[in-house]
Structure formats: C-alpha cells, structure tokens
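J.: Quick one, fold the following:
(one chain, ligands or ions: 1)
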Amino acid sequence: MARCPLCGSPLDWGELIEEMLAKRGNEMKEILSDRGRFLNELREFAFKCPNCGEEFYGKNLPEKEAEKVFELLNEFKGSIDWESGRVRLRLNSLLALDTMLEEWDRKMKGNR
Ligand SMILES: [Zn+2]
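T.: Numbering: from 1, shown residues only. Predicted coordinates for the structure are as follows:
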C-alpha cells in the first residue's frame, strides 16, 4: 500500500493522480498514453501528503502499484473525468483486489 514516507499515513492513489492532473492538466493525456513517461513523471513529481502536509517525491511510492495504476487507468474507458480533473476509479480498492487475486492464484498453483 502507498504510504507517506514522512508520517506513514496511507495514501489514496486516486488523490495522488488528481494532484498530477491538477498540475499537468491535459498534458496528462499524453503522459498516460506512455508507460515509461508516466512512471518517470510520477517518480519526479512532488506530492503533498494530505495528513502531514509535507512534500515527497513519487519515487518513494511502490513502483509495482504505480505500474498497476497505469494499467487500470488505461484499461477502463472514462477512468478520468478530464473536465473536473477527477479520477473515477477507486484505485486503492482495485489494487487491494488485485493483490488478493494474485495471492489466491499463487495458493492455487502451490496446491497443484
Ligand atoms: Zn505525511
């Protein structure tokens, strides 16, 4: 799970992406069409923790989750409301579900 590297409070991926949307605006459409560029932008982006108010760079976030977020945002049409700069997907719930399915899958394979 994504956590603030300074105070340790859990972060919402939807809110993180919305911070990027607020700063990058429509440029995010290009950024989100290129996996490498998205991950680079995210790593260099200065996010602000809603709990402690401190800034930290995206490179402190789990890269595996960032990759999944990229896939989820691209997989679902209308995942982003561009007019209001909001993320429509509940990214944290989807990531949690994804982790659960992976673990289940691993268990099933291990039992065979
Ligand atoms: Zn914090």
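
J.: Kindly check the end-to-end length of stretch 78-91 for me.
T.: Using C-alpha to C-alpha, to the nearest Å, the end-to-end distance of stretch 78-91 comes to 13 Å.

J.: Can you list the low-confidence ranges for the protein?
T.: Applying pLDDT under 70 to the chain flags residues 112.

J.: And the helix or strand Gly110 falls within, what does it pack against?
T.: Using DSSP states H and E, Gly110 sits in helix 91-111. Judged by 3 or more C-beta pairs under 8 Å, 6 or more residues apart in numbering; DSSP states H and E, helix 91-111 is in contact with helix 13-24, helix 63-75. Glycine gets a C-beta too; all of them are placed from N, C-alpha and C.

J.: now it: how far from the chain's centre is it?
T.: 18 Å (C-alpha atoms, centre = their mean, to the nearest Å).

J.: Can you list the buried residues in it?
T.: Across helix 91-111, burial judged by 16 or more other C-beta atoms under 10 Å covers 91-92, 94-95.

J.: Equivalent analysis for stretch 42-52, please.
T.: Of the residues in stretch 42-52, those buried (16+ other C-beta under 10 Å) are 42, 45, 47, 49.

J.: In a markdown table, list those residues along with distance to the ion and secondary structure.
T.: A markdown table is the format used below for the buried residues of stretch 42-52 (distance: C-beta to the ion, whole Å; DSSP: H, G, I helix; E, B strand; the rest coil):
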| residue | distance to the ion | secondary structure |
| --- | --- | --- |
| Leu42 | 17 | helix |
| Phe45 | 15 | coil |
| Phe47 | 10 | strand |
| Cys49 | 3 | coil |
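
J.: Much appreciated, bye for now.
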